[in-house]
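Engineer: build the 3D model from these lines:
(one chain, ligands or ions: 1)
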Amino acid sequence: MSHPFLRGTTRPLWTRVVLGLVFGVGFVMPAILVAAAPPSTVDINIAKFAYGPKEITIAPGTKIVWTNHDQTPHTVTSNDKSFASKGLDTDDKFEHTFATEGDFSYICTVHPFMTGVVHVRKQ
Ligand SMILES: [Cu+2]
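Structural biologist: Prediction:
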């Protein structure tokens, strides 16, 4: 049995062109959207001796960039030691990409009352 689109006599040419466009766009567009999605990055500000936001939920593969906006040095140090910044001076940045799911709490080692937590969940 031949393919209906290849059978010349059953449909006028314009029908096949329209069907071809509809199916073509339907298949190609999702691929373009997936390919164009940039690796996602989330910013956390360090200001007034606090992480903002203090608690955040992200998908695996997301990169977080912390920036210290205070005039005081801070760190971003996970409790399980899976990531740890050096002392961040004003406007210094620290980044970490979270590959696996989990709950990652962290503190500033200079000011241990500064706490934050990153929840990594498939979304
Ligand atoms: Cu600090």
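Engineer: outline the domain layout of this protein.
Structural biologist: Following automatic domain parsing, one finds the domains of the chain at 1-37, 41-120.
Engineer: weakest of these in terms of mean pLDDT?
Structural biologist: Across those, domain 1-37 has the smallest mean pLDDT, namely a mean of 53.
Engineer: pretty sure residue 73 sits against residue 91.
Structural biologist: No - using C-beta atoms under 8 Å, residue 73 is not in contact with residue 91, being 11.5 Å away. Just so you know, the C-beta spots here come from the backbone N, C-alpha and C atoms, and that holds for glycine as well.
Engineer: more crowded one of those two?
Structural biologist: Relative neighbour count places residue 73 above the other of residue 73 and residue 91, with 15 against 9, counting by other C-beta atoms under 10 Å.
Engineer: residue 108 versus that one, what's the distance?
Structural biologist: Between residue 73 and residue 108 the distance is 9 Å, computed by C-beta to C-beta, to the nearest Å.
Engineer: hang on, residue 123 packs against residue 59?
Structural biologist: Yes - with contact taken as C-beta under 8 Å, residue 123 and residue 59 are classed as touching, separated by 4.7 Å.
Engineer: kindly tell me how buried residue 98 is, as a neighbour count.
Structural biologist: Look at residue 98: counted by other C-beta under 10 Å, it has 20 neighbours.
Engineer: which stretches in this protein count as helices?
Structural biologist: When assigned using DSSP state H, the helices of the chain occupy the ranges 13-36.
Engineer: where along it do the strands fall?
Structural biologist: 41-47, 50-52, 55-58, 62-68, 77-78, 93-98, 102-107, 115-120 (DSSP state E).
Engineer: closest one to residue 84 among those?
Structural biologist: With C-beta to C-beta as the measure, strand 77-78 is the member of these nearest residue 84 (4.6 Å).
Engineer: and that closest one, what does it pack against?
Structural biologist: With contacts defined as 3 or more C-beta pairs under 8 Å, 6 or more residues apart in numbering; DSSP states H and E, strand 77-78 has these neighbours: strand 102-107.
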